[in-house]
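Student: have a look at this prediction, sequence included:
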Amino acid sequence: MRGLVGIACLGFLLASIAATAGPLMNGSFEEPVLPADGRYDNTVPTGWTVYTDQTCNPQMLRYASGTALVPDGVQYAQIQTLAGVAGTYAGFYQTFDVVPGAPYIISGWFRPLSGTSVARVGIDLSGGTTRPSEWGAMLDGAVSQVWTEFSFETTATGPAMTIFLDHTQTGTKSGRATAFDGIRVTVVPEPSGLVTVFGSFAGLLGLGLRRRK
């Protein structure tokens, strides 16, 4: 019986460790690699898909001479709407595997690049690709060169979920954009907590073996 309990505990522990593996691809937008001080228009970051209700311009930017402009790594991504129509939107999404029932923290930075745009981050718990109607994080207004950090928690209800990095235009001037960087999806508790649990489990297992001898 003790062996079965140990196997069950180990299985739960391994599932928890798998959930901490960072399911999101290229969350810091370091791929594709751009030349120093480079900017690629109409370039979609590796691992991401663009969505929009009109024409848009996905962009990758790299500033080797001004890394203070980048909160994570040396590159970031932004999405720009091209039509001067209020209420139009564009963004990036990515679907990834998760552990059903596990709580996850969604975090990162965003920066509206004008006073007529709204930056949003949302989740589809079913792993679908339809733009959500509810958002976990939202930021209005002009932020200049200042990045705003966000963080919110959600619980996986199935084997996959989708994250949306959204730019919505609120004015009628064309060329409005929102920048994103350092997007992370991490399980709760953090890996440091799992190391403690693993150590405790290993200790109990060793104690059981000593008692058998």
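Tutor: Great, that's in hand. Numbers count the residues shown, from 1 in each chain.
Student: just the CA atoms of stretch 151-162, as CSV, please.
Tutor: What follows is stretch 151-162, C-alpha atoms only, in CSV (Å, rounded to 0.1, in the frame of the first residue of the first chain):
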residue,chain,number,x,y,z
SER,A,151,-0.2,39.9,-13.6
PHE,A,152,-3.4,37.9,-13.1
GLU,A,153,-4.3,34.4,-12.2
THR,A,154,-6.5,31.8,-13.9
THR,A,155,-7.2,28.1,-13.5
ALA,A,156,-7.0,25.7,-16.4
THR,A,157,-10.3,23.9,-17.2
GLY,A,158,-8.9,21.7,-20.0
PRO,A,159,-5.7,20.5,-21.6
ALA,A,160,-5.1,23.7,-23.5
MET,A,161,-5.6,27.5,-23.2
THR,A,162,-5.0,30.4,-25.5
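Student: how far out from the middle of the chain is the longest strand belonging to the chain?
Tutor: Identified as the longest strand of the chain according to DSSP state E is strand 176-187. Taking C-alpha atoms, centre = their mean, to the nearest Å, the mean C-alpha location of strand 176-187 is offset from the chain mean by 6 Å.
Student: pretty sure Ile105 contacts Ile163?
Tutor: No. Between Ile105 and Ile163 there is no contact under C-beta atoms under 8 Å: 11.9 Å. In short, each C-beta sits where N, CA and C put it, glycine included.
Student: how close does the nearest residue to Gly136 once chain neighbours are set aside get to Thr81?
Tutor: In space, Gly136 comes closest to Phe152 once its chain neighbours are excluded; the distance is 3.8 Å by C-beta to C-beta, 6 or more residues apart in numbering. Note on Phe152: its distance to Thr81, by C-beta to C-beta, to the nearest Å, is 24 Å.
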